[in-house]
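Asker: Below are the sequence and a predicted model; questions follow.
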Amino acid sequence: MRRIILTIILANLLFPLSSAAIDSEDNGGQLWFSCDDYDSCMLTEFHVGDESISKTVNSASPVSPEYFLVELPMTPSQTDIALIPDVIEELQVDLRFTDDILGVSKPDLKVSIIIAESITTIEFDGNSQFGQTNNAPYRIENEPINHGGDRLLWPDEEIKILLEFQIDRPGTWELNLRGNSYMFLDIIWSDNIQERDIDEPSSDGSPLNTELDIIHYGALVDDDRDCWTFEVENHEILRISFIWEVVPAEIEQNHGRPDLILPDRRMAPEPEMETISENGETRITWQWRALPVGEYDLCIGGKLNSFQPYEWIGLIAFEGLGPTSPEQFTYSSWEWEGYGMKASDFGVETLSSTSVFSYFVISLSVIIGLTIHIRLETTSSTLKYAVFAPGVVILLLSGIISPIMTTFDEFQGTDEKNLSELIDERLEQLWHASHPGTPASSRALHVGATFGMLDGDLLSVYLQADSAWPLDDGRWQLHIPELYDLNIENLIFSKVIDKVGINPSDDLLDSHSRNFILLAARTLILDLLILESLLVVEELPSSNVIHFEAEMVNSASLGSIQDPAWGTRPVDIPEGRWRLMQENLYPSLISITMLDGEVDDLEFRIKLGYDINHEFLYASESVKPVESFIPYQIVWLISGLFLIAGGVYYENNRRRGARRALDLILKDKKWED
């Protein structure tokens, strides 16, 4: 143990960046098994210690097996706060046993992974039977971590791995190290609290002396109060902007109104507020008007068990010198611009509902007329049963039964939601997810699921397309006009009115409503984007009615650490293809600006990284355009009509022949005695 610790200390002196234990740097989640003895093992950031450790067992038997426990605590101790992933990216343990009977084998192995207060247990079956020759290391990938929703590893909390196994016969076990045994975690976020908390010391009683118009950096830790004092000169408008870095929702601080204390030590009046959420980063600007000149104090306060870095800057301005008030911001009516439509509008095919009514009328008329014709005039059994009967059956199936069934299929099913209902249900879910009391892991789970559909849920949507746009490879992407009629801003604000009971424009919004508005705007944009991109079919549909029905399964998500996206996918889309779609569809910029004051408004700015190649789109079996109940319905209908028409033609010819024969008989008077 002493030799390993000395090696680690030396490595930390030479490579000081390696002292965080686990972090979000490249390879920062790699933990290697390192030992110099059976009782001296640990998890390290690099390879140290012996190539392997071993122990000889002399007296074990099936009746009295010998128990072994190898403990591997992480060294050095954790210095950063880190976000633990939901799965172990990779775990490998190269443990072998050698005896005189079986040679090289593997015992049953129990691995306990302790992360802070959570324990994840994984059991591996060995191969201690005759004839078993698989002696590869124990290995798993993407194994769920049982963190119970507590995803954070705080400084000085431990990670430890326990290896437990039994030996039931004499021999020697060996644990191979130095790259052969390890655990990899994908740490997507970490930060050093002490290094970021550079604004200290400050407090209400001892604010830092500064200037208003310089950039200030710091971090709000726990329930600290960070305060500054500065001079404010003559002005008409005072604006103070805070930019809050993205952190996991578990430790996000409140972004409430800062305390601005006037020169007479009274609190400043209620300001107007502008909030911009851009790629997960939140910028909040508070604006006051016509405040007195003098020395001001500015304070922000935190809450326990929270941490979030920030930067802020202030400025003073006069009316007419640029857009310094909400009224001076111009907002156009934002409409969906088809971000998920990657097909070409050249060669568009218009879609409409199936023409079942005309089929029905034609078939019914022919059947009625033919029935009268057969009943009154036809005497040929061959025509009745070999021609007319099959024709009638074909017309009944293709011209009456099939159109009726197809018409029923074009109605919305009882278990389906239309787009408006789907969005309203999603907004309801997001309202609860954005509540301050919602556990961060629950928020990430529900927000990150595509349209809120968790693993095993059925996403069933009723859609109507007006056209199909061709892709370069001969497939088609369906154009849904309802997407372009959506007013996302009105839908979101209406939900706030419904929940809060007041119009948002009447007063400043509470923090829950503000968080909901920003979260809902971003999440709906991403949901609609992926839905539109999924509407790809191999063949041109015959109807404009689309049933989207997909069983959703878990998938790797994309987006911010706080609010991921597209974490579930249709079951028929392979994980690799879904990942390609994610990476190529996810916008490089999602900026949402919310004004909260005399005017309440939302502004959206979306930018895609580059044009997606049509090959990245996947024609999912979940997209089900309504098709005829009987395949090739029109072909069968025409066949039935031709069959009946042929029978009628033959019947008419037969009658004309009979009349001519009768005329000849009458002419020759062959019927007289």
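Answerer: Received, thanks. Since we're looking at a predicted model, the values are computed, not measured. Residues are numbered from 1 along each chain as shown.
Asker: And the helices in the stretch 1-150 of the chain?
Answerer: Secondary structure of the stretch 1-150 of the chain (DSSP state H, counting those that start in this stretch): helices at 2-14.
Asker: Contacts only, for the residue nearest in space to the middle of the chain.
Answerer: The centre of the chain sits closest to Trp566, judged by C-alpha atoms, centre = their mean, with a distance of 1.5 Å. Contacts for Trp566 were tallied using C-beta atoms under 8 Å, 6 or more residues apart in numbering; they are 448, 450, 526, 530, 555, 557-559, 578, 582, 586. Backbone N, C-alpha and C define where each C-beta goes, glycine included.
Asker: make it 7 Å
Answerer: Contact criterion C-beta atoms under 7 Å, 6 or more residues apart in numbering gives 450, 526, 530, 557-558, 582 as the residues in contact with Trp566.
Asker: What's opposite Ser241 in the beta bridge?
Answerer: Thr285, Ile313 (DSSP bridges).
Asker: Likewise for Trp228?
Answerer: With DSSP bridges as the criterion, Trp228 is bridged to Leu208, Leu298.
Asker: wait, it sits on Leu208?
Answerer: Yes - the pair Trp228 and Leu208 qualifies as a contact (C-beta atoms under 7 Å) at a distance of 5.0 Å.
Asker: Spatially, which residue comes closest to Glu278, not counting chain neighbours?
Answerer: Using C-beta to C-beta, 6 or more residues apart in numbering and skipping residues adjacent in sequence, the residue nearest Glu278 is Ser591, 4.3 Å away.
Asker: Backbone dihedrals for that neighbour, please?
Answerer: phi -120, psi 120 (degrees, to the nearest 10).
Asker: and it, how many residues sit next to it?
Answerer: Other residues within reach of Ser591 by the criterion other C-beta atoms under 10 Å amount to 17.
Asker: is it true that it touches Ile276?
Answerer: Yes - between Ser591 and Ile276 a contact is recorded at 6.4 Å, counting by C-beta under 7 Å.
Asker: coming back round to it: list the ones among the contacts of Trp566 that fall in strands.
Answerer: Among the contacts of Trp566, the members found in strands (DSSP state E) are Leu558.
Asker: of all the contacts of Trp566, which comes closest to Asp572?
Answerer: Lowest distance from Asp572 to these (C-beta to C-beta) belongs to Thr450, with 14.1 Å.
Asker: Got the domain ranges for the chain?
Answerer: The record, using automatic domain parsing to delimit domains, assigns the chain the ranges 2-191, 194-328, 358-407+632-668, 417-625.
Asker: Shouldn't Ser533 be within a strand?
Answerer: No - assignment of Ser533 by DSSP: H, G, I helix; E, B strand; the rest coil gives helix, placing it outside any strand.
Asker: For the residue lying closest to Glu337 once chain neighbours are set aside, give the beta-bridge partners.
Answerer: Leaving aside its chain neighbours, Glu337 sits nearest to Ile606 (7.8 Å; criterion: C-beta to C-beta, 6+ apart). Note on Ile606: beta-bridge partners Ile590, judged by DSSP bridges.
Asker: Now for Leu163: which residues touch it?
Answerer: Counting by C-beta under 7 Å, 6+ apart, Leu163 touches 70, 93, 109, 111.
Asker: Not counting sequence-adjacent ones, nearest residue to Leu445?
Answerer: Nearest in space to Leu445, with sequence neighbours left out and distances taken as C-beta to C-beta, 6+ apart, is Leu454 at 7.1 Å.
Asker: Report pLDDT for that neighbour.
Answerer: Among the per-residue scores, Leu454 shows a pLDDT of 93.
Asker: Against Val553, how distant is it?
Answerer: If you measure Leu454 against Val553 using C-beta to C-beta, to the nearest Å, the figure is 10 Å.
Asker: what's around Asn209, how many residues?
Answerer: By the measure other C-beta under 10 Å, the count of residues near Asn209 is 11.
Asker: so it makes contact with Thr229?
Answerer: Yes - using C-beta under 7 Å, Asn209 is in contact with Thr229, at 5.6 Å.
Asker: Who are the contact partners of Ala465?
Answerer: Ala465 sits next to 351, 478-480, 544, 546 when contact means C-beta under 7 Å, 6+ apart.
Asker: do Ile316 as well
Answerer: For Ile316, the set of contacting residues under the criterion of C-beta under 7 Å, 6+ apart consists of 232-233, 235, 237-238.
Asker: and if we set it to 8 Å?
Answerer: Applying C-beta under 8 Å, 6+ apart, the residues contacting Ile316 are 212-213, 232-235, 237-239.
Asker: Just give me the least confident of these.
Answerer: Lowest pLDDT within those is found at His235 (84).
Asker: Backbone dihedrals for it, please?
Answerer: Backbone phi and psi, for His235 under degrees, to the nearest 10, turn out to be phi -160, psi 170.
Asker: so which strand or helix has the residue nearest to it when sequence neighbours are not counted?
Answerer: Distance criterion C-beta to C-beta, 6+ apart; nearest residue to His235, sequence neighbours excluded, is Ile316 at 3.5 Å. Ile316 belongs to strand 307-317 when elements are defined using DSSP states H and E.
Asker: can you check Trp431 too?
Answerer: Secondary structure assigned from DSSP H and E places Trp431 in helix 419-433.
Asker: ok, Met453 touching Glu551?
Answerer: No - if you go by C-beta atoms under 8 Å, Met453 and Glu551 don't touch, sitting 9.0 Å apart.
Asker: where do the contact lists of these two overlap?
Answerer: With contacts taken as C-beta under 8 Å, 6+ apart, Met453 and Glu551 have Leu459 as neighbours in common.
Asker: okay, those two: which has more neighbours?
Answerer: Met453 (24 against 17).
Asker: dump the residue contacts of the more buried one.
Answerer: For Met453, the residues meeting the contact criterion (C-beta under 8 Å, 6+ apart) are 459, 552, 568.
Asker: what's the burial count for the residue lying closest to Gly452 once chain neighbours are set aside?
Answerer: The shortest distance from Gly452 to any residue that is not its chain neighbour, by C-beta to C-beta, 6+ apart, is 4.6 Å, and that residue is Gln429. By the other C-beta under 10 Å criterion, the neighbourhood of Gln429 contains 18 residues.
Asker: Any figure for the gap between Gln429 and Asp527?
Answerer: With the distance defined as C-beta to C-beta, Gln429 ends up 11 Å from Asp527.
Asker: Which parts of the stretch 501-650 of the chain are helices?
Answerer: Assigned helices in the stretch 501-650 of the chain, in chain order: 511-534, 575-585, 633-668 (criterion: DSSP H, counting those that start in this stretch).
Asker: Sticking with the nearest residue to Phe68 once chain neighbours are set aside, tell me its helix or strand.
Answerer: Spatially, and ignoring its direct neighbours in sequence, Phe68 is nearest to Phe165 (5.6 Å; C-beta to C-beta, 6+ apart). Mapping Phe165 onto the secondary structure by DSSP H and E places it in strand 159-167.
Asker: Perfect, I'm done here.
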